[in-house]
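Chemist: I'll drop the sequence and a predicted model, then ask my questions.
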Amino acid sequence: MKILVPIKRVVDYNVKVRPKSDESGVDLNNVKMAMNPFCEIAVEEAVRLKEAGKAEEIIAVTIGASSSQEQLRTALALGADRAILVETEVEAEPLGISKLLKSIVDKESPDLIILGKQAIDGDNNQTGQMLGALTGFSQATFASEVNLEGESLSVTREIDGGLQTLDINLPAIVTTDLRLNEPRYASLPNIMKAKSKPLDIIPAADLGVDISPRLEIIKVTLPAEREAGVIVETVDELIDKLKNEAKVIS
């Protein structure tokens, strides 16, 4: 079985982002970049399936600039067998990303696609669902447990009311939630081995897909600072302020 794992390069989750001085976007100068945390979970799940003897090959793929090779090498160090960079300088939106991934799916014919449910930069939670619509594959989103038996996949997913278990057929798309697993750290020997693993670069223009943005960013600003709170001495004073100043009770 072949598993395709799309990943994304994002600002490291420990970094506090700042807007550019002209408010045209996020300032990425000298900012630490990393693999999206949900993508790390997806890579880990694929590696666990391979270690259990249920998969033969794991392919990591990302869409972005040449610098995204760094995150692909990380995926290779974590256990992926080879990687594909669909290279573009365009800031692709979920629909464009899904269309490019559909081209890679047509080329590679994976049995299973595992990807994070969302990226921590845009928080769109759209790519997996859009890719499912484009490919016609079965899909299960927000997975907290995955069990593969033959051509059947059992996925426990997190929903508002609790947990839901789906049985779906391959080929399938699974998007990962936080509680699916705990990603491993790449060991030094595996980091060294990753340097010799194959990494193919495909110009996005060669795939014949229109990935021009549909949205225009007007302005990026920091959230408004919260005003300082007020300390009250008694319950009566609190009720008075809620009633007469905040006007949230009557």
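Modeler: Nice, thanks for sending it over.

Chemist: buried sites along stretch 198-207?
Modeler: Leu199, Ile202, Ala204, Leu207 (16 or more other C-beta atoms under 10 Å). In this view, the C-beta of every residue, glycine as well, is placed from N, C-alpha and C.

Chemist: let me fix that, I meant to ask about stretch 57-68.
Modeler: Within stretch 57-68, the residues that count as buried by 16+ other C-beta under 10 Å are Glu57, Ile58, Ile59, Ala60, Val61, Thr62, Ile63, Gly64, Ser68.

Chemist: was I right to think the second one contacts Ala80?
Modeler: Yes: applying C-beta atoms under 8 Å, one finds Ile58 in contact with Ala80, separated by 4.5 Å.

Chemist: quick one on the thing from earlier: nearest to Ala228 among the buried residues of stretch 57-68?
Modeler: Nearest to Ala228 among these, counting by C-beta to C-beta, is Gly64 at 41.5 Å.

Chemist: so for the helix or strand encompassing Asn147, mean pLDDT?
Modeler: In this structure, Asn147 sits in strand 138-149 according to DSSP states H and E. Averaged over strand 138-149, pLDDT sits at 92.

Chemist: what lines up beside it in the sheet?
Modeler: strand 152-159 (antiparallel), strand 172-176 (parallel) (DSSP bridges).

Chemist: other residues contacting it?
Modeler: 45, 49, 54, 112, 117, 128-129, 132, 153-159, 163, 166, 168-177, 179-180 (C-beta atoms under 8 Å, 6 or more residues apart in numbering).

Chemist: from the chain's centroid, how far away is that strand?
Modeler: Taking the mean of its C-alpha atoms, strand 138-149 sits 16 Å from the chain's own mean (C-alpha atoms, centre = their mean, to the nearest Å).

Chemist: which positions within that strand qualify as buried?
Modeler: By neighbour count on 16+ other C-beta under 10 Å, the buried set for strand 138-149 is Ser138, Gln139, Ala140, Thr141, Phe142, Ala143, Ser144, Glu145, Val146, Leu148.

Chemist: identify the spatial nearest neighbour of the third one, chain neighbours not counted.
Modeler: Excluding the flanking residues, the one nearest Ala140 by C-beta to C-beta, 6 or more residues apart in numbering is Val155, at 3.7 Å.

Chemist: sorry, back to before: and of the buried residues of stretch 57-68, the nearest to Ile97?
Modeler: Nearest to Ile97 among these: Ile63, at 5.4 Å, using C-beta to C-beta.

Chemist: the closest one and Ile97 touch, don't they?
Modeler: Yes: because the distance of 5.4 Å satisfies C-beta under 8 Å, Ile63 is recorded as touching Ile97.

Chemist: okay, and the common contacts of those two?
Modeler: Residues touching both Ile63 and Ile97 (C-beta under 8 Å, 6+ apart) are Pro6.

Chemist: helices of this protein, start to end?
Modeler: Listed in chain order, the helices of the chain (DSSP state H) span 37-51, 69-78, 94-108, 127-135, 188-194, 235-244.
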